[in-house]
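K.L.:
Give the three-dimensional model of this entry:
(one chain, ligands or ions: 1)
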Amino acid sequence: VNTSAGGGLTVGVVGGTGYAGGELCRLLLGHPAVSSVLPTSRGEETVERVHPNLLGSGLSFLPAPVLAERAAELDVVLFSTPTGEAMRAVEHYLDHGVRVVDLSADFRFADAATYRRVHGPQHACPHLLAEAVYGVTELNRKQLSQARLVANPGCYAITAILALAPLLTLSGTGDRVSVHAVNGTTGAGTTPKRALMHAEVAGSMLAYSLDGHRHGPELEDVLTGLAGRPVEVDLNTAHGDFARGIHLQANVDVPSGTRREDLLELYRQFYGPGADGEYFVRVNDQPRRGGLNTKDYSLYPTVAAVTGTNFCHLGVDLDPARGIAKIVAVTDNLVKGAAGSAIQNMNVMLGLDETTGLRGYAP
Ligand SMILES: NC(=O)c1ccc[n+]([C@@H]2O[C@H](COP(=O)([O-])OP(=O)(O)OC[C@H]3O[C@@H](n4cnc5c(N)ncnc54)[C@H](OP(=O)(O)O)[C@@H]3O)[C@@H](O)[C@H]2O)c1
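P.N.:
Residues are numbered from 1 along each chain as shown. A predicted model of the protein is given here:
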């Protein structure tokens, strides 16, 4: 760790103009151990014009090649670039002793053939795939603490993994998981598309990639590993009429006779109670109120409750007549789904308290 200059950490953000890159800058500016944030851009715009929320922050963009020349100054570099970019650039930073977290999909699969099947191109750096640690912090903390290179999960993937990990430890659960998720429009990045303009999305919904979202194989890989048997994922994705947040519902068959209370106990055991358990994963275990046909909305978490935060809130319920467990998970796609997780992983890699700079609740 090159913390000598000023005592704080120096962190590079490749892709600083993007939605996730802007969120990395916002969160790093509030991180008490970070003294310098160096975001990159290929354009001419200032930070204030691209991210008006960072007005007066003092940040300025530098070209990515200049950041690469300054690698020796960095403690960590966070790649927030489209899939296909980081795999061409990370080795240079690793060679300079810089820890790397990649928010794209370049290092999420252990083998190059799967990368090619899911993403298309040949992998440019296959020899680093086996080394990269998949960054669901709650599940891989030990490996992350020793990692040089972390593959941050996809936003749908991490939300679904946190929703389903406890359930897949239960014997007798089904081998097929059905996931329906609605993401804010920031999930699509900053590349302009008519279908994503406010005029098109406002008051509407936009389903996409139902023939096979690229987070599906990522999710199957991880859930299969957790369950110790093949798990198939039916992933259904859409954009909703909001800028950020994922509202995800996952259904899995469970053995007949399973009660909601049994599932809640499983989730409480897995994640621990409230702030004394996993800090960023909170299980809503409100008792059900009212009788038949009462709509008890308080059983399920809402996107608004986690927006701007690194939390994943989970609601747990069951259709007892059909033996289907129904989990509702909400995250902010730009925080727990991207920048927040990346910083949580950075904290673990550097031996810091993993909640450093990330503890805030939603307004
Ligand atoms: N948005 C989300 O909810 C989310 C969640 C989890 C993970 N991710 C992943 O995080 C990454 C960034 O997502 P995003 O939504 O922030 O995308 P974005 O808004 O489209 O931003 C992409 C960024 O990458 C930069 N860039 C593109 N090509 C580059 C290159 N060759 N060299 C250096 N910089 C380059 C762009 O910079 P210029 O301005 O210079 O073009 C821009 O800053 C993606 O891999 C995405 O899949 C996104």
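K.L.:
Tell me where the model's unsure across the stretch 101-250 of the chain.
P.N.:
Residues of the stretch 101-250 of the chain meeting the criterion pLDDT under 70: none.
K.L.:
now the helices for it?
P.N.:
112-119, 137-145, 155-164, 198-201, 215-227 (DSSP state H, counting those that start in this stretch).
K.L.:
how big is the angle separating the second one from helix 215-227?
P.N.:
What that stands for is helix 137-145. Per axes from the mean of the first three to the mean of the last three C-alpha atoms, to 10 degrees, the angle that helix 137-145 makes with helix 215-227 is 80 degrees.
K.L.:
Need phi/psi at residue 299.
P.N.:
phi -70, psi -20 (degrees, to the nearest 10).
K.L.:
For the remainder of this discussion, apply numbering that starts at 770.
P.N.:
Got it, the first residue is 770 from now on, which makes the last one we talked about residue 1068.
K.L.:
follow-up on the earlier one: which one of the helices of the stretch 870-1019 of the chain lies nearest to the ligand?
P.N.:
helix 924-933 (3.8 Å; C-beta to the nearest ligand atom). For every residue, glycine as well, the C-beta is placed using N, CA and C.
K.L.:
hang on, the earlier thing: if you compare the helices of the stretch 870-1019 of the chain, which one is most tucked away?
P.N.:
Mean neighbour count (mean count of other C-beta atoms under 10 Å) peaks for helix 924-933 among the helices of the stretch 870-1019 of the chain, with a mean of 28.
K.L.:
do that helix and the ligand meet at all?
P.N.:
Yes. Contact of helix 924-933 with the ligand (C-beta under 6 Å from any ligand atom) involves residue 924.
K.L.:
Any idea what residue 1002 is bridged to?
P.N.:
residue 946 (DSSP bridges).
K.L.:
same deal with residue 868?
P.N.:
Beta-bridge partners of residue 868, as defined by DSSP bridges: residue 845.
K.L.:
residues from the stretch 970-1119 of the chain in reach of the ligand?
P.N.:
Checking the stretch 970-1119 of the chain against the ligand by C-beta under 6 Å from any ligand atom, the hits are 1102-1103, 1106-1107.
K.L.:
need these in CSV with pLDDT, secondary structure and neighbour count, can you?
P.N.:
As requested, these are exported to CSV (pLDDT from 0 to 100; DSSP: H, G, I helix; E, B strand; the rest coil; neighbours: other C-beta atoms under 10 Å):
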residue, pLDDT, secondary structure, neighbour count
1102, 98, coil, 29
1103, 98, coil, 28
1106, 98, helix, 30
1107, 98, helix, 29
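K.L.:
of all these, which comes closest to residue 1023?
P.N.:
The closest of these to residue 1023 turns out to be residue 1106 (C-beta to C-beta; 26.6 Å).
K.L.:
ok, the closest residue to the closest one other than its chain neighbours - contacts?
P.N.:
The shortest distance from residue 1106 to any non-neighbouring residue, by C-beta to C-beta, 6 or more residues apart in numbering, is to residue 924 (2.9 Å). Contacts for residue 924 (C-beta atoms under 8 Å, 6 or more residues apart in numbering) come out as 952, 956, 984, 1015, 1100, 1102-1103, 1106-1107.
K.L.:
What is the burial count for the residue in the chain that the ligand sits nearest to?
P.N.:
Per C-beta to the nearest ligand atom, residue 787 is where the chain lies closest to the ligand, at 2.1 Å. By other C-beta atoms under 10 Å, 25 other residues sit near residue 787.
K.L.:
what's the answer for residue 784, then?
P.N.:
Number of residues near residue 784 (other C-beta under 10 Å) recorded here: 26.
K.L.:
That one contacts residue 794, doesn't it?
P.N.:
No. Counting by C-beta atoms under 8 Å, residue 784 stays clear of residue 794, with 10.5 Å between them.
K.L.:
Next up, the contacts around the spatially closest residue to residue 1022 that is not a sequence neighbour.
P.N.:
Spatial nearest neighbour of residue 1022, excluding adjacent residues (C-beta to C-beta, 6+ apart): residue 943 at 3.3 Å. Residue 943 makes contacts with 1021-1023, as judged by C-beta under 8 Å, 6+ apart.
K.L.:
Just send those residues back as TSV, with pLDDT, distance to residue 800 and neighbour count too.
P.N.:
Shown next, in TSV, are these (pLDDT from 0 to 100; distance: C-beta to C-beta, whole Å; neighbours: other C-beta atoms under 10 Å):
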residue	pLDDT	distance to residue 800	neighbour count
1021	97	37	23
1022	97	42	17
1023	96	41	23
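K.L.:
Among those residues, name the ones in strands.
P.N.:
By the criterion of DSSP state E, membership of these in strands covers 1021-1022.
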